[in-house]
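Participant: Just to be clear, the model below is a prediction. Sequence and coordinates:
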Amino acid sequence: MGLETTPASSPTSCSAARRLPTLETLAAAAILRGHLPELKVRVVNVVDLMRLQPASEHPHGLSDKVYDSLFTGRQAVVFAYHGYPWLNSTGSRTA
């Protein structure tokens, strides 16, 4: 499964953290691509949840430019994570 990296295409981003959610996300992306081949889907595997924080909030955080290059800033992000729910709300950005 390749990543669509053309900024103008604005793919839907599906991201995951940890092994099982990543496998589930890859399977979901494959199903979406099979049923809706025209839908652009980008899968992002998040190894360090603190990378989702702004650089100003955490030393591992991403700059806005890098974050937007991964998650486009124009589309919803589906994030799969089996763990502590508060990490999703504090570890993600608002558009």
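Facilitator: In hand now; what should we look at?
Participant: Quote the end-to-end distance of stretch 40-58.
Facilitator: 31 Å (CA to CA, to the nearest Å).
Participant: Buried by neighbour count: which residues of that stretch qualify?
Facilitator: Within stretch 40-58, the residues that qualify as buried are 40-44, 46, 49, 51-53, counting by 16 or more other CB atoms under 10 Å. For every residue, glycine as well, the C-beta is placed using N, CA and C.
Participant: quick one: which of these is nearest residue 20?
Facilitator: residue 46 (13.5 Å; CB to CB).
Participant: wouldn't the closest one be in contact with residue 62 here?
Facilitator: No - look at residue 46 against residue 62 with CB atoms under 8 Å: they stay out of range, at 10.5 Å.
Participant: on that earlier part again, can you add distance to residue 18 and give the buried residues of stretch 40-58 back as JSON lines?
Facilitator: Below are the buried residues of stretch 40-58 laid out as JSON lines (distance: CB to CB, whole Å):
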{"residue": "40", "distance to residue 18": "25"}
{"residue": "41", "distance to residue 18": "20"}
{"residue": "42", "distance to residue 18": "19"}
{"residue": "43", "distance to residue 18": "14"}
{"residue": "44", "distance to residue 18": "13"}
{"residue": "46", "distance to residue 18": "9"}
{"residue": "49", "distance to residue 18": "9"}
{"residue": "51", "distance to residue 18": "14"}
{"residue": "52", "distance to residue 18": "14"}
{"residue": "53", "distance to residue 18": "17"}
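Participant: Now flag whichever of the residues you listed is closest to residue 66.
Facilitator: Nearest member of those to residue 66, counting by CB to CB, is residue 51, at 9.0 Å.
Participant: So that closest one lies in a helix, does it not?
Facilitator: Yes - counting by DSSP: H, G, I helix; E, B strand; the rest coil, residue 51 is found in a helix.
Participant: Would you confirm that it contacts residue 59?
Facilitator: No - the criterion here is CB under 8 Å, and residue 51 misses it with residue 59 at 10.3 Å.
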